[in-house]
Each structure stands twice: as C-alpha cells, then as structure tokens.
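Enquirer: 3D, please:
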Amino acid sequence: MKKIRDERLILQNFKNIRTTLLIENSVILLILPWQGWQKSDLLHAFTYDNPLFLVLMITVFTMIMLSLNVSTPIEDKPKRSWRYLGVSALIELVGFSAGFYLLTGGHHPFISLLAGVVLTAITSGIMLYSNHLRSHDEQ
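Expert: Take a look at the predicted model:
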C-alpha cells in the first residue's frame with residue numbers, strides 16, 4: 001500500500017473513520033436495548049457479561065485516550081506539579097473508596113478499597129498521560 005501524502009485525502013480518511021465508528025456504535029446502542037427487551041431484563045444487557053457492551057466500553061475508552069493526543073496540546077494549560085497530581089490521586093482514592101463503602105452498606109471494606117484503587121489508577125493514569133502531553137512552559 002502506498003502512503004497517503006495529500007492532506008485532503010488524509011482528512012477525508014479521518015472523516016471516514018469517524019463516520020464508521022459512529023455507525024458501529026449506533027448499531028451497538030440499538031442492539032443492546034433489543035437484547036434486553038428480548039430477555040425481559042434490560043439491565044442484564046448493559047453489564048460486562050455481555051460481549052457487545054464490553055466492545056462498546058472498550059471503544060469508548062480507546063476514543064477518550066486517543067482524543068487526549070489532540071485536545072490536550074491545544075488547551076494551552078501549564079503542566080501540573082507532581083504534588084498536585086499526588087494530592088488529587090489521594091482525594092480520588094478516599095472519595096471513590098468511601099463511595100463504594102457507602103454503596104455496599106459498610107459490609108465490604110476491602111472490596112470498596114479495591115474498587116477505589118482501580119478507579120483511582122484509571123483516572124490518575126489519564127491525568128498523568130494528559131500532563132505528559134502538555135508543553136514545558138518554564139517561566
């Protein structure tokens with residue numbers, strides 16, 4: 001295959017990919033309620049046991065991570081300090097763990113802490129990646 005060098009064709013290719021992704025996700029979002037309606041359990045269709053829902057979530061998370069490459073550099077915000085990132089991760093950990101602890105009625109503190117650690121790792125990872133993409137504006 002030849003490499004595309006014309007900017008108009010590159011932009012058209014990106015538009016085609018975006019349109020394809022939009023159609024794919026729309027079809028998935030139409031099939032999921034239909035699955036729930038057929039099984040008379042709509043909530044079961046929107047669980048990670050359903051491979052179609054899992055594909056949708058992987059696609060959404062991938063799109064979020066890939067969009068950081070474009071949106072973060074043009075935001076023109078300074079890099080965050082390590083102290084800021086550490087304190088925000090600690091606040092997230094306490095908040096997520098407390099939220100899960102309250103949701104479980106106080107019966108599962110270890111599971112609540114584990115869920116808080118997982119969510120904190122995901123959000124902190126996104127913040128670290130976003131911080132990495134910001135420019136080094138030393139003044």
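
Enquirer: now do the phi/psi pair for residue 50.
Expert: Backbone torsions for residue 50, taken as degrees, to the nearest 10, come to phi -90, psi 120.

Enquirer: helix, strand, or coil at the most centrally placed residue in the chain?
Expert: The centroid of the chain falls nearest to residue 61 when counting by C-alpha atoms, centre = their mean (3.4 Å). Following DSSP: H, G, I helix; E, B strand; the rest coil, residue 61 is assigned to helix.

Enquirer: what number of residues lie near residue 73?
Expert: 13 (other C-beta atoms under 10 Å). For glycine as for every other residue, the C-beta is placed from the backbone atoms N, C-alpha and C.

Enquirer: how many neighbours does residue 114 have?
Expert: Residue 114 - counted by other C-beta under 10 Å - has 13 other residues nearby.

Enquirer: excluding its backbone neighbours, what's nearest residue 111?
Expert: residue 104 (6.7 Å; C-beta to C-beta, 6 or more residues apart in numbering).

Enquirer: may I ask which helix or strand of this structure has the lowest mean pLDDT?
Expert: helix 42-45 (a mean of 76; mean pLDDT, DSSP states H and E).

Enquirer: show me what that helix packs onto, helices and strands only.
Expert: Contact partners of helix 42-45 among helices and strands, from 3 or more C-beta pairs under 8 Å, 6 or more residues apart in numbering; DSSP states H and E: helix 7-39.

Enquirer: could you name the helices and strands sitting against the helix it packs on?
Expert: helix 42-45, helix 51-75.
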